[in-house]
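Trainee: the sequence isn't on hand, but the structure is:
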């Protein structure tokens, strides 16, 4: 029977490995793009195969839905997600799968970390259900994107928030020379606090920080504005070494299907999801959970990644120009052997009532 464990990938444990590494001292290498494309994923999974997975929200969705019992291999759950943490864990050979936005894989490529995107999750009606809004500090007049000229803007180049800022400036007809980018990593409530303290004029806010910022700083004049752009791509992200191993590749395929089904279950059971994830797991209020369910909209798992890859290419070129990096072919970031797995799993579950 598959077993499930939990790993605390604390910084104290990972840091020594990270400090010993650099851009040319990466996780174990994997197969080339050509070798991967030609390699057939085994039809079944050896039950003794183990994956270390960092997808905290999906883990809870799997538990609440009961789908966790259908995982046909061993799992070590890691309480880790997001680009910087996942990259560090990949370099330390301590993680096989994680959830991240589109930007981390691009930066990983530029630093020599060999990784692949194996699943894509979007949002239905993404412009009406953005992940981020632009927080505006009290006393600062920003009512449109054009008003960003001359403003101090929080910027995290290795995270999705950083790429969003570059897209926003481009949409406004501005460049980085027209604003002051203040490099601050986006973690916890760092951006709302920076806005409230007047350290920056504008910052991209996500999740419950949008609601809380307005509640806390609205009386002082703090506001938010919609950026009007698509900011929703999310992915399952893996080291290329993981999908180069036949049994891990098969286990990853099975996990993708269950991941998509679990997130679909959460969308279809909002009350259970609010209580089980936002309240009991994340420690938020019911009101926060209700706000986030409404804000997030409904998931979409495309069976064709062509649009996602085209968008990724545009992002690569935008980041390369602004950050003085070399552009490259976005196709190399995707393992298209998994392209239809999530969509087919959801369709099959809906058709069979699983």
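Mentor: Nice, I can see it. As the structure is a computational prediction, the values presented were derived from the model and not from experiment.
Trainee: okay, now the unreliable bits of the protein?
Mentor: Along the chain, the parts satisfying pLDDT under 70 run over 1-29, 352-354.
Trainee: how about the helices in it?
Mentor: For the chain, the helices defined by DSSP state H cover 11-19, 33-38, 56-65, 83-91, 103-110, 160-171, 190-196, 208-217, 240-244, 246-268, 270-273, 286-296, 306-323, 341-352.
Trainee: residues in contact with the spatially most central residue of the chain?
Mentor: For the chain, the residue sitting closest to the mean C-alpha position, by C-alpha atoms, centre = their mean, is residue 100 at 2.4 Å. By C-beta atoms under 8 Å, 6 or more residues apart in numbering, the residues touching residue 100 are 81-83, 86, 234-235, 237. Every residue, glycine included, has its C-beta placed from N, CA and C.
Trainee: mind checking which of the residues you listed are in strands?
Mentor: Cross-referencing those against strands under DSSP state E gives 234-235, 237.
Trainee: quick one: those as JSON lines, columns for distance to residue 156 too.
Mentor: Compiled in JSON lines, the ones in strands among the contacts of residue 100 are given as follows (distance: C-beta to C-beta, whole Å):
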{"residue": "234", "distance to residue 156": "17"}
{"residue": "235", "distance to residue 156": "18"}
{"residue": "237", "distance to residue 156": "18"}
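Trainee: ok, these vs residue 266, which is closest?
Mentor: Within these, proximity to residue 266 (C-beta to C-beta) peaks at residue 234, which comes in at 13.8 Å.
Trainee: which ones are touching the closest residue to that closest one other than its chain neighbours?
Mentor: Closest residue in space to residue 234, ignoring its immediate chain neighbours: residue 121 at 4.5 Å, by C-beta to C-beta, 6 or more residues apart in numbering. Residues in contact with residue 121 (C-beta under 8 Å, 6+ apart) are 233-235, 260, 263, 299-301, 342.
Trainee: just send the residues you listed back as JSON lines, with distance to residue 203 and neighbour count too.
Mentor: Compiled in JSON lines, those are given as follows (distance: C-beta to C-beta, whole Å; neighbours: other C-beta atoms under 10 Å):
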{"residue": "233", "distance to residue 203": "21", "neighbour count": "22"}
{"residue": "234", "distance to residue 203": "21", "neighbour count": "19"}
{"residue": "235", "distance to residue 203": "24", "neighbour count": "22"}
{"residue": "260", "distance to residue 203": "32", "neighbour count": "24"}
{"residue": "263", "distance to residue 203": "28", "neighbour count": "23"}
{"residue": "299", "distance to residue 203": "26", "neighbour count": "18"}
{"residue": "300", "distance to residue 203": "27", "neighbour count": "16"}
{"residue": "301", "distance to residue 203": "30", "neighbour count": "22"}
{"residue": "342", "distance to residue 203": "32", "neighbour count": "27"}
